[in-house]
Structure formats: structure tokens, C-alpha cells
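1. Need coordinates for the following:
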Amino acid sequence: MRLVVLGPGHPFRGGIAVTTTALVEGLAAAGHEVLYLTPVRQYPRWLYPGDGDVDPEACPRLEGAVRILDPFGPVRWPAVSERAGAFGADAWIFPYWTWAWAPFWTWLLRRPGRPPAVAVVHNPADHGAGPLRRIAATAVLGRADALFTHGRALADGLRRLHPDTPVAHHLLPAPEPRPLPDREAARAALGLAPDQRLALCVGLIRRYKGVDVLLDAVARLGGGSPWRLLVAGEAWDGLDRELPELAGRLGLGENVRFRFGWVPEGGLDRLLAAADLVVLPYRSGSQSAVAPLAMAHGVPVLATDVGGLAEMVGGGGAVVPPGDPGALAAALRELADGERLRTLAVRARAVASERTWPRYCEALVALAGSVAGAKTP
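-> Okay, the predicted model is just below:
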């Protein structure tokens, strides 16, 4: 097929840029002709509360990618429409994850004579979205010709919201795993004793991710627990102040450490090399790009049963109810057993190996082909 993919890529960071780039690489490897249109800016500074959204090491610069999108500069939108239209594509493919890009997507999808458009739905609506942001999501997804997402539960939810739109899903694969640094050296750098277990909570730190619930769970383990918790990532909404204060009130002491700030690719590799478990204690949410990455490296995942996380973890970890520190603590006690962790590590790698980019691309192209065929005169 001839496909136009529009979305974030090099030099920007974040899960959407990484996965969209991997999608383009997978489509090209499968023999499809792909025009990749990427943004000149991902977010305006006033909208992004973090330290910045640029990291040239986060994903590769793909040959032929055209930096032309400016979701916040309407004067450039006609040039995007013209460039995408001139390619003569069978379908357009674009990610949906935030209301911030919704005006641009809505305008572009109104283009007369455009080919079918497939939305890759990372988030059906923003995390913690109010009515206006949900309306923005509906405005975009209601104009798409097909919806593709990353879990059965997410697909079922989209079918309820858009009953007349074709929906398909495939679990999100990990990027090609890189060799990790030496485990013993990585653990030594963190000051971990041989008999200690490292639980890693890594990624963008936001309220919906339930890190406070995880701190409560660790406090319930007591002083004799082998678990040590490392929370690493860029914190929003004052959580870089609130979470250490909560840890102090809970008396966690050296049982928890915080590393606030963006974690680059090399730093993430070192953390995964040292970790025994990745914990995703989400209160709500749809999916996580951290889970498949951890599992591909043989690190089991303890997650809460929200969105598509339970299906994503599969047999490569454990799942507990959201917002339940007692259940998290019980799971951590069970997972402290070395044999149990080793078994789950093997399963995690096996589960991740079944979720490949060729299979993902095949499922997405099948959906795109079905709506492209339906629109063919």
C-alpha cells in the first residue's frame, strides 16, 4: 500500500514519537511505500509543563521523513494537506493521544477527496479529561474511517463510542530491545545489596499513575522486606515535592528513592538492567509503553487492572485492582520469591517475543486495506 503516516518522530521524545517511528520502520520493512510527515514542534512551551520534549536520542531520524506538521500553526496546515494529498496514498495513518492536536486533526480530516484515515488510538481521551477534552476526542475519532488500538478492552470501548466505525486492535510491541548493561554493575551503582530486590516505577510521573498508592503499599511491607523502590521520571503537577513528603510521612526512609527528571534511553537501560520488577500502579489509564519494553528485556511487570494493562502483561507478571495498596503489597510479598521472579522473567520475555512489529503492521494494514477498499469507486 501507499501510506501517509503523520505524527511525532525525531527529534522529539515520548512514547508516541517512539512508537510512531517504529510503526513507520515496520511498514517500510514490509514493503509498503510510506511518506512520514513529522512536526516542527510537538507542543508549545505553555502547554508542556516538563523540562522540554526534545531528545534526539529517543528515536532514530528516518530517511525521507518530512518535518512539516505544526498542529499549533494553522497557517501551515494547507501545506500539510497538499503534501499528504499529493502522495496519492491509499490511506492516511495518524496517532490520537491528546486533545492538544485535535483542532489540527479535525481540520485535516475535513479535506475534500482525502483517502481513508486510520486513527491509532493510544488514549481514547486524555487522562483525567473533562467534558471539553472528551468532545475534542470525539470530534477527531468520529471523523476517522477506522480505529486501531492496543487491547481488547480498549477496542470494545471504542466500539461502544463509535459503533459505525471499523475497529481492530493489536497489543503494542516493544522497540527492538538493545543489550542491557551489566546487571551487577548497574545494581552496584544504585547501592543495592545482593539480597535486595529492586522495584522500578519509571516514566512520566502524573497523578493518574498512582505512585502515591505504591508508596503506601511499600510502607505496608514492613522493615524486613527485601524490596527497594526507585521512582524515576519527570514529575508534573508538583509531585516532585508531594511524593517525597508522603514517603517521609510513611517512614519509608531508604526503602524508596526518587530520581526526578527525564530518563534518557541509556539511563533507562541501566535501570532495567538493575530491576527485578517494573511496577505500574495506575489508578486509571489505557496502556503503557514501559510494559512491553520491560518484558522484552525479561523484567516482569506488576500492574493494575485498568485499560489494556492486564492483557498487555499477560503471563509476564501480575495484575491487581487499581487504587488498592493492600493488594499491591500482597503481590510484592509474593514476588519477593527469587524462583517466582525468575519464572516470570522467562515468561515476560516469551510473551513480548510474540508481539512483533511485523504482526502489528499486518493487523493495521489489514484494517487500512478494508476501509480503502470500501472507498474504492
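2. which residues sit against the biggest helix by length in the chain?
-> Identified as the longest helix of the chain according to DSSP state H is helix 357-375. Residues outside helix 357-375 that contact it (CB atoms under 8 Å, 6 or more residues apart in numbering) are 1, 3, 22-23, 25-27, 29-30, 32, 90-91, 93, 115-116, 118, 120, 145-146, 148, 166, 168-170, 172-173. Using the backbone N, CA and C atoms, a C-beta is placed for each residue, glycine as well.
3. Same question for stretch 97-108.
-> By CB under 8 Å, 6+ apart, the list of residues contacting stretch 97-108 reads 6, 16, 43, 47, 69, 71-72, 74, 77, 80-81, 84, 94, 96, 114, 122-123, 125-126, 129, 132-133, 136-137, 139-140, 143.
4. do that again at 6 Å, thanks
-> Residues outside stretch 97-108 that contact it (CB atoms under 6 Å, 6 or more residues apart in numbering): Ile16, Leu47, Pro71, Trp77, His122, Asn123, Asp126, Arg133, Ala136, Ala139, Val140.
5. go on, stretch 150-158?
-> Leu147, Thr149, Val167, His169, Leu171, Leu172, Ser286, Gln287, Gly308, Glu311.
6. For these, pick the one with the most neighbours.
-> Neighbour counts for those (other CB atoms under 10 Å) peak at Thr149, which has 28 neighbours.
7. I'd like the distance from that residue to Val320, if you could.
-> Remark: distance between Thr149 and Val320 (CB to CB, to the nearest Å) = 23 Å.
8. swap in Ala144?
-> To Val320, Ala144 is 34 Å away according to CB to CB.
9. Which of the helices or strands spans Lys200?
-> I think there's a mix-up here, since residue 200 is Leu and not Lys. Using DSSP states H and E, Leu200 sits in strand 197-202.
10. name the helices or strands packed onto that strand?
-> Packing partners of strand 197-202 (3 or more CB pairs under 6 Å, 6 or more residues apart in numbering; DSSP states H and E): strand 227-233, strand 277-280.
11. ok, back up a step: more crowded one of Ala144 and Val320?
-> Taking neighbours as other CB under 10 Å, Ala144 and Val320 compare with Ala144 leading, 24 against 21.
12. Provide a list of residues in contact with the more buried one.
-> Contacts of Ala144 (CB under 6 Å, 6+ apart): Ala117, Ala119.
13. Flag every buried residue along the longest helix of the chain.
-> Going by neighbour count (16 or more other CB atoms under 10 Å), the buried part of helix 357-375 is Trp357, Tyr360, Cys361, Leu364, Val365, Leu367, Ala368, Gly369, Ser370, Val371, Ala372.
14. Now distance to Val211 too, for the helices and strands packed on strand 197-202, in JSON lines please.
-> Below are these laid out as JSON lines (distance: least, CB to CB, whole Å):
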{"stretch": "strand 227-233", "distance to Val211": "6"}
{"stretch": "strand 277-280", "distance to Val211": "9"}
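15. Go through those and name the closest to Leu180.
-> Ranking the helices and strands packed on strand 197-202 by proximity to Leu180 (CB to CB) places strand 277-280 first, at 13.3 Å.
16. those strands in the stretch 101-250 of the chain, which residues are they?
-> For the stretch 101-250 of the chain, the strands defined by DSSP state E, counting those that start in this stretch cover 117-121, 146-149, 167-169, 197-202, 227-233.
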